[in-house]
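K.L.:
the amino acid sequence is not available; the structure is as follows:
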């Protein structure tokens, strides 16, 4: 099936107010007036950061924004300008190496983004020009081009639907790449251009389109066509703190040596010995200037205490280590034939520090696969399906209903399910010849999986939807008779009304949007079933109908046509007509549809909780359905006390802000004021005896985050945040995408800056994913917008367990050891240089050869720790995933705190003293060979350097072995602790 469309692209620099005019096919509408083409932005997709022209200056600018790189640049410039004891090569070469490797790594990652962009920008599309199909690249499409899109192809830009190869002017579109909705949506061509189904016909169109300026709402577009006829990080903080400490040590060493030098030179013999007399220029130089120059020289001499090569090693460790995530076979999904994907390698260690997990529900916790479970008609429950509506009926609630509903009511209900939807039938291709069997298999496609489930449910009870033909909907009833209904109008579903209607005979919608519109005496018998189904985790819809007279329909038809043609306030006018049409209806019954949970969901949630992480569910679904899902996945336990901040508890009266304030104070007192302080020192222990869960909806959240000016509720947000942080789980229902991002931002900016992680599967989750420290996208049938905008992408939610508990834990431990080891070995390296100044008259004489200074950090000691940081597993992956509590041992940046840092620092200082004075006492006899040859300065420095390199390497291997032993001992102690707990439980 072919679909022809007109591209509508975002304007470039024009003001986003008023309207704009797009000329179809770039053909002027008047022969007498000159055609001036409007300027719009092009159709290129750009996600890369650099170009060939700005890569070098932009990359250098970003690299030198780092404190360490900028510091070494200053040191290098000082060595070039000032006469220092070491060659500029000793600082320049390592700095050049670091800058080059980092630039190559960032350039490679940006090249991958360029390649991904080019796959889209260079894809071929067909544009109709001069009644012919012309092949173009996607990036060369211009606003106004007439684009032809074939079946199963991706839309290259925003489009207005003009014509289709289908006789009724329809096409079926999935918007998975925009909003994660993988279901087909039916779109209808502009009525006046439906007949233009050939290249020649569409090329003869002379028209303009007046429409609104680009705006962020994906689901709203207002415009009209005018046809003329015939004429759109904790590890880093720790590293910076450690750098400041070592910078202070560097400044202290330089200050001490500069001061002692001039104390030493206070003796004239030491200041100017007979063999080294000063020149006239040196005698006339100001003493302050000489002191400053000497201070800079000592800074250069000791500057290697700052581990500049650590940054390039960390970059290489992150980049190379990210491949282990992509190569993990346990995170490979056979269904989609894809594994995990790493979009950003800079956050590997943050995976081991996550404290809050924010997740979407539909498509993330569930499979987004709907199945019809049961229904109720006039209070009677129908669950078991047979050929006719003859299933058994059950009764609930205080009212007793025996038997079944009336036959006419059953048929009315099932007809409503068959008629009130946007489902289309996609039949298999047929060969020429006789017509196929009317019982042939067909595929239902729709904008909502719920609608398909309802149509299939009606089919089980004997009413089958046969499709739409020439504006007539055909159904086959239980007697195998075909019924036809003319489709007059479709009042489409929207998230505000939360219902949809067809003007035939019936209407369906969410229970909260239908109940206020029907006769109140009809509600009670159906509401019992709806509430029970919602508690069971089913998605519920109510079915109602209303009969219209010919006069009433004519009035509605006129109002709908007027609203559709309005350029201003079209949405409001349409909503007003819909609201009037859907009033005073009669309730028939309700349906229950199940959205299955993803596999191993409950086990994954429990593992995250055991690892000390709080899981928050942010969803647009109704509270009852989301709450039952939280119970099913064990986010809420049976012992969890739930606190509600919803429209039901706050109320809809004018005093709702006062009621909200009362509830906030009540919950604050219960969770914070009345709970004793935790003195046990347990990490991430939120409550001592009772677990609490919070439920809040979008309307109440708006009152908290955006209070009215005269309500005196400026402290709502602070109290609400304190309550949330004390709860083990939080459910936010009826959330808009922007509210999801606001929740994440609120938690992310709390005291201590906890590491947050967001996971979702659709474009409506992108804002939440981008707001969190770590963003995870679910790869699957719901689209790829989330995975493309995330830092990591996984096929299923269950893979989050291994990604965090195993990969995150190991990456953090590895990089923590890497950072501590670099500071340790550099202090070992430079301390003998400092001590040597006491024996050379503070003359700034280097202890080591320039080659040793240059190569020590680049290759002598960097490669072993790099290999360790890639391959070390102090605890097996199976143990890490099976014992989530091991995650808490490294949480809260435990391995990069001051205690282990000071341990490594004092260890480095001690070993530096041993290296220097050990060789010094060895050299008490300056003649060490039989021939009386005297060992000099370079021999002394070479021996110190050799012992140093061997010792720090052996120390690294010793730490590796001790870590493995620690993991074993820790594992044994954990098992012993678990056994003791079990024994105590049995006694109790």
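P.N.:
Everything's here; your move. Being a predicted model, the structure only gives us computed values, none of them experimental.

K.L.:
which SSE is residue 324 in?
P.N.:
helix 309-326 (DSSP states H and E).

K.L.:
which parts of that helix are buried?
P.N.:
Using 16 or more other CB atoms under 10 Å as the burial criterion, the residues of helix 309-326 that qualify are 309-319, 321-322, 324-325. Every residue, glycine included, has its C-beta placed from N, CA and C.

K.L.:
cool, stretch 113-133 as well?
P.N.:
Residues 114, 117, 120, 121, 125, 126, 127, 128 are the ones in stretch 113-133 that count as buried (16+ other CB under 10 Å).

K.L.:
can you check stretch 412-429 too?
P.N.:
412-424.

K.L.:
return the distance of that stretch from the chain's centre.
P.N.:
36 Å (CA atoms, centre = their mean, to the nearest Å).

K.L.:
which other residues reach stretch 54-73?
P.N.:
49-50, 91, 94-95, 98-99, 102-103, 106-107, 110, 240, 243, 247, 303, 306-308, 310-311 (CB atoms under 8 Å, 6 or more residues apart in numbering).

K.L.:
mind listing what's buried in that stretch?
P.N.:
Going by neighbour count (16+ other CB under 10 Å), the buried part of stretch 54-73 is 55, 59, 63, 64, 66, 68, 69, 71, 72, 73.

K.L.:
of all those, which comes closest to residue 456?
P.N.:
residue 55 (54.9 Å; CB to CB).

K.L.:
residue 468 in helix, strand or coil?
P.N.:
strand (DSSP: H, G, I helix; E, B strand; the rest coil).

K.L.:
hmm, residue 487 and it touching each other?
P.N.:
Yes. Using CB atoms under 8 Å, residue 468 is in contact with residue 487, at 6.7 Å.

K.L.:
neighbour count for the two, which is higher?
P.N.:
residue 468 (18 against 14; other CB atoms under 10 Å).

K.L.:
relative to residue 303, how far out is that one?
P.N.:
Taking CB to CB, to the nearest Å as the measure, residue 468 falls 77 Å from residue 303.

K.L.:
now do residue 603
P.N.:
52 Å.

K.L.:
more crowded one of the two?
P.N.:
Shown here are residue 603 and residue 303; by other CB under 10 Å, residue 303 has more neighbours (25 against 13).

K.L.:
backbone dihedrals for that one, please?
P.N.:
Here the main-chain torsion angles of residue 303 (degrees, to the nearest 10) amount to phi -70, psi -20.

K.L.:
element containing the residue lying closest to it once chain neighbours are set aside, please.
P.N.:
Closest residue to residue 303 apart from its sequence neighbours, by CB to CB, 6 or more residues apart in numbering: residue 75 at 4.8 Å. For residue 75, the element it lies in under DSSP H and E is helix 67-81.

K.L.:
as a whole number, average confidence for that helix?
P.N.:
In this model, helix 67-81 carries a mean pLDDT of 83.

K.L.:
between that helix and helix 309-326, how big is the angle?
P.N.:
For helix 67-81 against helix 309-326, the angle by axes from the mean of the first three to the mean of the last three CA atoms, to 10 degrees is 140 degrees.

K.L.:
buried residues in stretch 153-172?
P.N.:
155-164, 166, 169-172.

K.L.:
for stretch 820-840, that is, sorry about that
P.N.:
820-837.

K.L.:
mind checking what secondary structure residue 590 has?
P.N.:
Applying three-state DSSP: residue 590 is strand.

K.L.:
same question for residue 187.
P.N.:
Strictly by three-state DSSP, residue 187 counts as strand.

K.L.:
quick check, pLDDT for it.
P.N.:
On the pLDDT scale, residue 187 gets 76.

K.L.:
dump the residue contacts of residue 203.
P.N.:
Listed by CB under 8 Å, 6+ apart, the contact partners of residue 203 are 25, 128, 129, 130, 131, 146.

K.L.:
low-confidence regions, the stretch 551-700 of the chain specifically.
P.N.:
652-654, 673-689 (pLDDT under 70).

K.L.:
all strands for it, in order.
P.N.:
586-597, 614-618, 641-645, 692-697 (DSSP state E, counting those that start in this stretch).

K.L.:
which neighbours in the sheet does the longest one have, and how are they oriented?
P.N.:
Each strand pairing with strand 586-597, determined using DSSP bridges, is listed with its direction: strand 366-377 (antiparallel), strand 539-545 (antiparallel).

K.L.:
quick one, phi psi at residue 42?
P.N.:
Per degrees, to the nearest 10, the backbone of residue 42 is at phi -80, psi -180.

K.L.:
quick check: pLDDT value at it.
P.N.:
pLDDT, residue 42: 82.

K.L.:
please apply the same query to residue 929.
P.N.:
62.

K.L.:
and the furthest pair within the buried residues of stretch 54-73?
P.N.:
Farthest-apart pair in the buried residues of stretch 54-73 is 55 and 71; separation 23.8 Å (CB to CB).

K.L.:
turn the strands paired with strand 586-597 into JSON lines, including distance to residue 213, mean pLDDT and mean neighbour count.
P.N.:
Shown next, in JSON lines, are those (distance: least, CB to CB, whole Å; pLDDT from 0 to 100; neighbours: other CB atoms under 10 Å):
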{"stretch": "strand 366-377", "distance to residue 213": "34", "mean pLDDT": "83", "mean neighbour count": "22"}
{"stretch": "strand 539-545", "distance to residue 213": "36", "mean pLDDT": "85", "mean neighbour count": "25"}
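
K.L.:
right, I'll leave it there.
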